[in-house]
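**Q** Sharing a sequence plus its predicted fold:
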Protein chains: 2
Amino acid sequence: MDFNLSCPIPISEYPVITMAHGSGGILSHQLIDKMFMTAFNNDILKEGHDGAMFEMPAGRLAYTTDSFVVSPVFFPGGSIGDLAVNGTINDLVCCGAMPLYLSAAFILEEGLPMEDLWKIVFSMKEAANRAGVRIITGDTKVVDRGKGDKVFINTSGIGIIQEGIHISPYHCEPGDVIIVSGRMGDHGVAIMSARSGLEFETTIESDTAALNELAEHVFNCTRNIHMFRDPTRGGLATTLNEISKSANVGIVIEEDKIPVSEEVRGACEILGLDPLYVANEGKIIIILPASEGNRVLEVMHRHPLGRDASIIGNLTDDHPGIVRMTTTIGSSRIIDMLTGEQLPRIC
Amino acid sequence: MDFNLSCPIPISEYPVITMAHGSGGILSHQLIDKMFMTAFNNDILKEGHDGAMFEMPAGRLAYTTDSFVVSPVFFPGGSIGDLAVNGTINDLVCCGAMPLYLSAAFILEEGLPMEDLWKIVFSMKEAANRAGVRIITGDTKVVDRGKGDKVFINTSGIGIIQEGIHISPYHCEPGDVIIVSGRMGDHGVAIMSARSGLEFETTIESDTAALNELAEHVFNCTRNIHMFRDPTRGGLATTLNEISKSANVGIVIEEDKIPVSEEVRGACEILGLDPLYVANEGKIIIILPASEGNRVLEVMHRHPLGRDASIIGNLTDDHPGIVRMTTTIGSSRIIDMLTGEQLPRIC
């Protein structure tokens, strides 16, 4: 994390969050004015109203919400702050939308170090700037020590759905190909290794990233996209199961086409995880007509976030609702939905 | 709370929320499909995408977010569910907007009784129906026992700002009058008495209510409104201080014009609270030209939520940024902003 601006609230005087920071009184105002306004600074937010107000052209909007409860709040490759911004941006991207505005709502635990909060807020500012979106409205609550866990962040987001783009499981058709934009499992393994204190030869970093620019390149290549999904909680396997069930099609994937780094593969073996069920936070699954597959793949390979993109399989008339995988040794097995709690509090 | 529909998830089989309900796997899907989809049922939500998608006409939008962490989650007059729906509706109303769509994001603590969650979700459905808004996108996370407190809810909301309405502290002018829509302090006192186990002769109920219909009546009477604010956290005193500071005007109010019920006045004495600093969840402050005051007051008196509306004071050139109150015995004192933590976790 690029962290080079010092906390705008004097830490010696206000070292930690107290209940009074959530009371609506003077300390609440200090937190809002000096920290959130400073970091997220923009004209709409500055109006300082009960809500943000802005002009919108007529059109189709996308609207989404996500709460982030990841533990630990700092991990290799990012923090709960990056995740909260990138995650909601990516949900808008999955609707075929250009993300415009985010809200940010914080639930802080009494005793949270002020400096930790600033690091998180700063990472949100950086993530929003990188992606070209603005945080225009927010909220802060404080809960007593032991009634929260450092910080939970909710972000919601609004975007404009691009002309000619109609993403829906109902557009998926047998014959469509499935692209994943990169290596699977980095985020979940980064969190699990941070949590377990395990150290690997190479530090595995979360892939947290905003995918709106990559999506923009894909949409400039073709609008003939049937499905866009980010394989977060539950990983690739769960997301493909959701798609196959809601589209009522079968899915066939090939194990040796699925990009997984050697490090993640090794770490998964040690941690007892299956990389297909591990969360990603900067990857996308695209389902589109086979005729468009290679063109889109080429475009993706030219973008840093799509460098390892791969066509991993296709949709089929056979076994609707079921995901099958051809393994590296040539056998075929059913990839089920996640049943238990493989990785709690991963995002 | 009107509660007459039984929980759509079999409680004998799934008595409490487990970590697996937040994993993105089968139990997460069951919770979403059987509980949230059933309660909030509407066409946009049913698309079941990463986000909601809908058409909007060109115009000025209002957008807001609020997290709710109230304790206890059930209290006389409502629950965290009503509060989460009504609170965000009211923030949109304060922007001069007609509320349309809400998001709902849940952070559940492991061990939360399934039936309690259902009661809360049901109260959200009822509150949304009453106000004519739709919950169109959502999220669920589960945190380990002892890392949350039963349930936290974030709602964000989108509304269309009505033609000809421009609410802003910068429009406030000396001479404007201040209306409050009803009795102050009910919500805060209801929570504090529930929390302290105190019982009064009459149960004091929270005033939680959506104010969009009342606002509609006011806007139909005049669009010449300078300020709309709901005196929630920090109460009337804190909200008036915020307005006087951002508008850079003085405020004078008269103690004997401020509606406070006898019950709340008595309870405040016992609890050591000042009703002016106690949160309201179904009240609005309106600042408008003196010439419009009585007309608007009449309209408000005809609506059940404005029955006790009262002109409590006016803006002045004197002492900009300061709120003064003429007390019942005729003296004048400064009403400061809340400094400490009068009432934590009130909403």
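**A** Noted; the coordinates are in hand. Numbering: from 1, shown residues only, chains lettered A, B, ... in the order given.
**Q** hmm, the strand or helix carrying A:Met98 touching chain B?
**A** Counting by DSSP states H and E, the element that carries A:Met98 is strand A:97-109. Yes - applying C-beta under 8 Å from any C-beta of the partner chain, one finds strand A:97-109 touching chain B at A:97, A:101, A:103-107. C-beta coordinates here come from the backbone N, C-alpha and C atoms, glycine included.
**Q** Does chain B have contacts with whichever helix or strand comes after that strand?
**A** Using DSSP H and E, the helix or strand that follows strand A:97-109 in sequence is helix A:114-131. No - using C-beta under 8 Å from any C-beta, we find that helix A:114-131 stays clear of chain B, coming within 13.8 Å at best.
**Q** Now do the same contact list for the residue in the stretch 101-250 of chain A that chain B sits nearest to.
**A** The nearest approach of the stretch 101-250 of chain A to chain B comes at A:Arg233, 3.0 Å away (C-beta to the nearest C-beta). By C-beta atoms under 8 Å, 6 or more residues apart in numbering or on different chains, the residues touching A:Arg233 are A:279, A:343, A:346-347, B:22-24, B:28.
**Q** Which of the residues you listed fall in helices?
**A** Mapping the contacts of A:Arg233 onto helices (DSSP state H) picks out B:Ser28.
**Q** Domain boundaries for chain A, per the record?
**A** Residue ranges for each domain of chain A read A:19-161, A:169-334, as given by automatic domain parsing.
**Q** Reformat those domains as CSV; add distance to B:Ser332.
**A** Formatted as CSV, those follow (distance: least, C-beta to C-beta, whole Å):
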stretch, distance to B:Ser332
domain A:19-161, 23
domain A:169-334, 54
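**Q** Output those domains in TSV; the columns should cover mean pLDDT.
**A** Below are the domains of chain A laid out as TSV (pLDDT from 0 to 100):
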stretch	mean pLDDT
domain A:19-161	95
domain A:169-334	95
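**Q** Contact partners for A:Ile120?
**A** A:73, A:79-81, A:151, A:153.
**Q** re the thing from before, and the strand holding A:Met98, how far out from the chain middle?
**A** 12 Å (C-alpha atoms, centre = their mean, to the nearest Å).
**Q** Adjacent strands (with direction) for that strand?
**A** strand A:134-143 (parallel), strand A:151-161 (antiparallel) (DSSP bridges).
**Q** Out of these, indicate the one that is most buried.
**A** Neighbour counts (mean count of other C-beta atoms under 10 Å in any protein chain shown) averaged over each of the strands paired with strand A:97-109 peak at strand A:151-161, with a mean of 27.
**Q** Please name the strands paired to the helix or strand following that one in the sheet, noting orientation.
**A** Moving toward the C-terminus from strand A:151-161, the next helix or strand (DSSP H and E) is strand A:177-180. The sheet places strand A:177-180 alongside strand A:285-288 (antiparallel), strand A:310-316 (antiparallel), with pairing taken from DSSP bridges.
**Q** what's the span of stretch A:276-288, first residue to last?
**A** 21 Å (C-alpha to C-alpha, to the nearest Å).
**Q** what's the spacing between it and its chain's center?
**A** On C-alpha atoms, centre = their mean, the centre of stretch A:276-288 falls 10 Å from the chain's centre.
**Q** name the element A:Phe228 belongs to?
**A** Counting by DSSP H and E, A:Phe228 is part of strand A:227-229.
**Q** Tell me which strands that strand pairs with, and in which orientation.
**A** When DSSP bridges is applied, strand A:227-229 pairs with strand A:285-288 (antiparallel).
**Q** most centrally placed residue in chain A?
**A** Taking C-alpha atoms, centre = their mean, the centroid of chain A lies closest to A:Gly87, which sits 2.8 Å from it.
**Q** residue contacts, it?
**A** Applying C-beta under 8 Å, 6+ apart, the residues near A:Gly87 are A:66, A:68, A:155, A:208, A:232, A:281, A:347.
**Q** thought the fifth one was touching A:Tyr277?
**A** Put plainly, it is A:Thr232. No - at 11.5 Å, A:Thr232 does not count as touching A:Tyr277 under the criterion of C-beta atoms under 8 Å.
**Q** CA-only coordinates of the strand holding A:Met98, as PDB, when you get a sec.
**A** Coordinates of each C-alpha in strand A:97-109 appear next as PDB, following Å, rounded to 0.1, in the frame of the first residue of the first chain:
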ATOM      1  CA  ALA A  97     -22.000  -0.400 -16.100                       C
ATOM      2  CA  MET A  98     -19.500   2.300 -16.000                       C
ATOM      3  CA  PRO A  99     -19.100   3.000 -12.200                       C
ATOM      4  CA  LEU A 100     -19.600   6.600 -11.300                       C
ATOM      5  CA  TYR A 101     -20.400   7.200  -7.600                       C
ATOM      6  CA  LEU A 102     -19.900   5.300  -4.400                       C
ATOM      7  CA  SER A 103     -21.200   5.700  -0.800                       C
ATOM      8  CA  ALA A 104     -19.100   4.600   2.100                       C
ATOM      9  CA  ALA A 105     -20.400   3.700   5.500                       C
ATOM     10  CA  PHE A 106     -18.200   2.800   8.500                       C
ATOM     11  CA  ILE A 107     -19.000   0.700  11.600                       C
ATOM     12  CA  LEU A 108     -16.000   1.400  13.900                       C
ATOM     13  CA  GLU A 109     -15.200  -0.500  17.000                       C
END
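**Q** before we move on, the earlier item: closest one to A:Phe40 out of the residues of strand A:97-109 next to chain B, please.
**A** Comparing these against A:Phe40 with C-beta to C-beta places A:Ala104 closest, at 7.3 Å.
**Q** returning to what we had before: tell me the most packed of the residues of strand A:97-109 next to chain B, by neighbour count.
**A** A:Ala97 (30 neighbours; other C-beta atoms under 10 Å in any protein chain shown).
**Q** is it true that that residue touches A:Glu163?
**A** No - A:Ala97 is beyond contact range of A:Glu163, at 11.4 Å (criterion: C-beta under 8 Å).
**Q** can you pick the most crowded of the contacts of A:Arg233?
**A** A:Ala279 (31 neighbours).
**Q** which ones are touching that one?
**A** Counting by C-beta under 8 Å, 6+ apart, A:Ala279 has contacts A:185, A:187-188, A:191, A:231-235, A:343, A:346-347, B:24.
**Q** Backbone dihedrals for it, both of them.
**A** phi -70, psi 150 (degrees, to the nearest 10).
**Q** Distance of it relative to A:Ala84?
**A** 14 Å (C-beta to C-beta, to the nearest Å).
**Q** Likewise for A:Ile285?
**A** Spatial separation of A:Ile285 from A:Ala84 under the definition C-beta to C-beta is 22 Å.
**Q** Compare these two (neighbour count), which wins?
**A** Per other C-beta under 10 Å, whichever of A:Ile285 and A:Ala84 has more neighbours is A:Ala84, with 31 against 20.
**Q** Quick check: that one touching A:Ile153?
**A** Yes - using C-beta under 8 Å, A:Ala84 makes contact with A:Ile153 at a distance of 4.2 Å.
**Q** which residues do these two both contact?
**A** A:68, A:104, A:124.
**Q** For those residues, give me a markdown table that also has distance to B:Glu269.
**A** Below are the shared contacts of A:Ala84 and A:Ile153 laid out as a markdown table (distance: C-beta to C-beta, whole Å):
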| residue | distance to B:Glu269 |
| --- | --- |
| A:Phe68 | 43 |
| A:Ala104 | 39 |
| A:Met124 | 44 |
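**Q** of the residues you listed, closest to B:Asp317?
**A** Checking the shared contacts of A:Ala84 and A:Ile153 against B:Asp317 with C-beta to C-beta, the nearest one is A:Ala104 at 37.4 Å.
**Q** wait, what's in contact with that closest one?
**A** A:Ala104 touches A:36, A:40, A:84, A:124, A:135, A:137-139, A:153-155, B:65, counting by C-beta under 8 Å, 6+ apart.
**Q** Same list, these, but as JSON lines with distance to A:Ile11 please.
**A** Shown next, in JSON lines, are those (distance: C-beta to C-beta, whole Å):
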{"residue": "A:Phe36", "distance to A:Ile11": "16"}
{"residue": "A:Phe40", "distance to A:Ile11": "20"}
{"residue": "A:Ala84", "distance to A:Ile11": "23"}
{"residue": "A:Met124", "distance to A:Ile11": "19"}
{"residue": "A:Ile135", "distance to A:Ile11": "23"}
{"residue": "A:Thr137", "distance to A:Ile11": "27"}
{"residue": "A:Gly138", "distance to A:Ile11": "21"}
{"residue": "A:Asp139", "distance to A:Ile11": "23"}
{"residue": "A:Ile153", "distance to A:Ile11": "21"}
{"residue": "A:Asn154", "distance to A:Ile11": "26"}
{"residue": "A:Thr155", "distance to A:Ile11": "26"}
{"residue": "B:Thr65", "distance to A:Ile11": "27"}
